[in-house]
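Trainee: Got a sequence here, can you model it:
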Amino acid sequence: CEYQSQHHISETMLKTATIAIVLTLILTSNAHSSYQLKIPNGDNVPGAPGVGHVNPAGGGINNQFGLDFKSHGKNWTVGLCLTDSDGDGLTNGQELGDPDCIWKIGDEPSRVTDITHPGVKEGTEETEDTCTNWVSPPNVHTKDFVMHNMEIPDGRVTNYMCQKYSFENDVDWYMYKSEVVLDNPMIHHMILYGCTEEPQVASGNCWDIAEENCQEFIIGWGPGLNRQCQPKDVGITLVAGRYYYLEAHYNNIHKKSGEVDNSGFKITYGVVPPKHKSQIMSLGVINDDDIYIEPGKSATAENTCHGYCLDSFLPEEGIKVWGTVLHAHQLGSKLWTEHYRNGERLADIGRNDNYQYDTQYVERFDPPITILPGDRLVTKCVYDGNKIHDGKPVHGGPGTQDEMCFNFLQFYETIEMPNHFCASGNFDGTEGSICGYEFVQAPVETITETAATIDDSSTTELVKPPSNINIVSLIAVIVCPAAISLIIILILKFKKGKAHKPSDNVSVEIGFLD
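Mentor: The predicted structure follows:
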């Protein structure tokens with residue numbers, strides 16, 4: 001009897017415990033389900049039904065995203081969307097498929113693939129914060145370059161706006177660090193340019209206030225590049241008495257009215273001259289027709305920076321590349337630049353075999369890679385047509401919904417030019433290259449040579465529709481707003497047609513990280 005009584009009690013306790021566990025799971029599941037509905041892709045975060053908790057299954061201690069979710073009233077707000085809860089360089093909106101912070105309960109998110117956890121820092125070595133081990137030089141200061149209530153036009157989807165700043169220094173200063181300040185989810189990229197003379201217009205549409213004296217690329221930002229620190233002994237020169245233009249690309253996809261922005265940069269600078277002074281050279285596709293992606297198909301675009309072009313502006317000792325930023329838009333899947341010297345392929349200068357638009361980063365090289373006059377650089381981009389959802393082909397172009405293919409090399413060993421671009425093309429039947437700001441006609445041996453380029457595009461199709469340089473896109477990717485007039489004059493020497501302004505859907509397309 002005693003055994004049967006104990007056995008009965010044990011069974012009763014077991015049943016009670018089981019019921020309690022089941023009820024807890026049901027209640028927890030219901031709670032998770034209700035919260036999942038209140039954030040975009042809440043039920044689509046890989047392996048984490050309890051997005052706001054340290055325990056992926058939910059319940060217990062909140063992770064930082066859960067705490068931020070609570071502080072915003074357990075609602076998906078623009079503030080929560082713009083927050084980077086896990087500190088991995090991506091906003092919560094970028095991780096959850098709502099980069100523009102426009103999602104509402106019941107809506108289909110802008111993106112339902114490539115969703116990542118907003119409360120867990122994925123942080124591979126490539127995407128880690130470049131400032132993690134940064135040591136500040138002595139006697140540094142900070143300064144904000146931000147838009148001041150910039151009104152975002154509502155008549156166009158793509159808008160590029162510029163604003164003037166002064167930097168009241170009577171001696172050269174050196175920038176070691178930049179941090180992004182994000183205020184409006186429409187922001188797509190930003191660039192700070194240096195000017196040799198005071199701009200005539202304080203702010204407005206970049207096309208309307210183009211300043212030929214604002215040509216020096218200082219810093220740029222795109223998704224994922226939230227903090228950037230220069231390597232040890234490297235800095236960016238802020239020349240005494242300079243003026244600056246801050247350019248911002250706004251993607252007003254719904255043409256909303258009444259939108260203003262105060263985004264920009266916070267920079268850290270000092271008076272200690274670095275051993276090396278950093279600059280930027282741009283490689284990539286300048287002809288929109290060279291990028292064409294059909295739905296459901298893979299495609300490749302490429303462009304060559306020829307040796308004769310590098311001969312025209314590199315010093316004899318070459319340059320030292322310490323970092324790169326590869327850039328495409330939403331369809332980009334694999335990007336790299338091949339490096340050739342005397343017909344031999346060397347190590348690639350930048351490579352990303354799993355490119356994600358929302359996680360752009362600086363790939364560093366230690367020791368730096370040397371590029372010499374006469375070297376040849378071939379930049380290639382592979383695109384995934386399976387990501388096209390509207391059934392329409394995607395072309396190259398300056399807008400967010402178009403595609404691009406670039407590699408921005410960060411180097412030292414000073415070149416006395418405000419901007420450095422190296423890309424080849426066909427200008428009304430004349431083969432040549434843009435070398436810095438100059439057009440250089442291709443030597444005969446370059447046109448007829450059979451390049452020993454290793455095809456690293458796997459099974460992708462190299463698509464090259466008829467090649468005619470689009471003059472607006474050429475301006476867009478080669479120069480800052482300040483140089484538009486100069487480039488128009490240059491290109492008109494080689495084209496009989498007239499330069500035209502962008503279409504009604506594009507305000508102006510110029511820049512580094514479109």
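
Trainee: can you give me the strands in the stretch 101-250 of the chain?
Mentor: For the stretch 101-250 of the chain, the strands defined by DSSP state E, counting those that start in this stretch cover 140-146, 150-151, 158-166, 173-181, 187-195, 203-205, 214-221, 227-229, 234-238, 243-251.

Trainee: Out of the ones you listed, which gets nearest to Gly318?
Mentor: strand 234-238 (16.6 Å; CB to CB). In this view, the C-beta of every residue, glycine as well, is placed from N, C-alpha and C.

Trainee: Could you export that closest one as PDB, keeping only the C-alpha atoms?
Mentor: The C-alpha trace of strand 234-238 is given here as PDB (Å, rounded to 0.1, in the frame of the first residue of the first chain):
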ATOM      1  CA  VAL A 234      47.700  56.800 -41.300                       C
ATOM      2  CA  GLY A 235      45.400  59.900 -41.500                       C
ATOM      3  CA  ILE A 236      43.400  62.100 -43.900                       C
ATOM      4  CA  THR A 237      44.700  65.600 -44.400                       C
ATOM      5  CA  LEU A 238      42.200  68.500 -43.600                       C
END
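
Trainee: any idea how far it is from the chain center?
Mentor: 21 Å (CA atoms, centre = their mean, to the nearest Å).

Trainee: Between strand 243-251 and it, find me the angle.
Mentor: Using axes from the mean of the first three to the mean of the last three CA atoms, to 10 degrees, the direction of strand 234-238 lies 110 degrees away from that of strand 243-251.

Trainee: Which pLDDT value goes with the residue nearest the centre of the chain?
Mentor: Taking CA atoms, centre = their mean as the criterion, Gly222 is the residue nearest the geometric centre of the chain, at 3.2 Å. We have a pLDDT of 84 for Gly222.

Trainee: Would you double-check that Val378 falls in a strand?
Mentor: Yes. Under DSSP: H, G, I helix; E, B strand; the rest coil, Val378 falls within a strand.

Trainee: Over to the nearest residue to it once chain neighbours are set aside. Which of the three states is it?
Mentor: Distance criterion CB to CB, 6 or more residues apart in numbering; nearest residue to Val378, sequence neighbours excluded, is Glu338 at 4.4 Å. Here Glu338 is strand, with the state taken from three-state DSSP.

Trainee: Name the residues of stretch 288-295 that come out as buried.
Mentor: Buried residues in stretch 288-295, counted by 16 or more other CB atoms under 10 Å: 288-294.

Trainee: How far does it sit from its chain's centre?
Mentor: 20 Å.

Trainee: Send me it as PDB with only the CA atoms.
Mentor: The C-alpha coordinates for stretch 288-295 follow below in PDB (Å, rounded to 0.1, in the frame of the first residue of the first chain):
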ATOM      1  CA  ASP A 288      25.500  51.500 -67.500                       C
ATOM      2  CA  ASP A 289      25.000  49.200 -70.500                       C
ATOM      3  CA  ASP A 290      27.700  46.900 -69.200                       C
ATOM      4  CA  ILE A 291      25.400  45.800 -66.400                       C
ATOM      5  CA  TYR A 292      22.300  43.900 -67.400                       C
ATOM      6  CA  ILE A 293      20.700  41.200 -65.200                       C
ATOM      7  CA  GLU A 294      17.700  39.200 -66.300                       C
ATOM      8  CA  PRO A 295      15.200  37.700 -63.700                       C
END
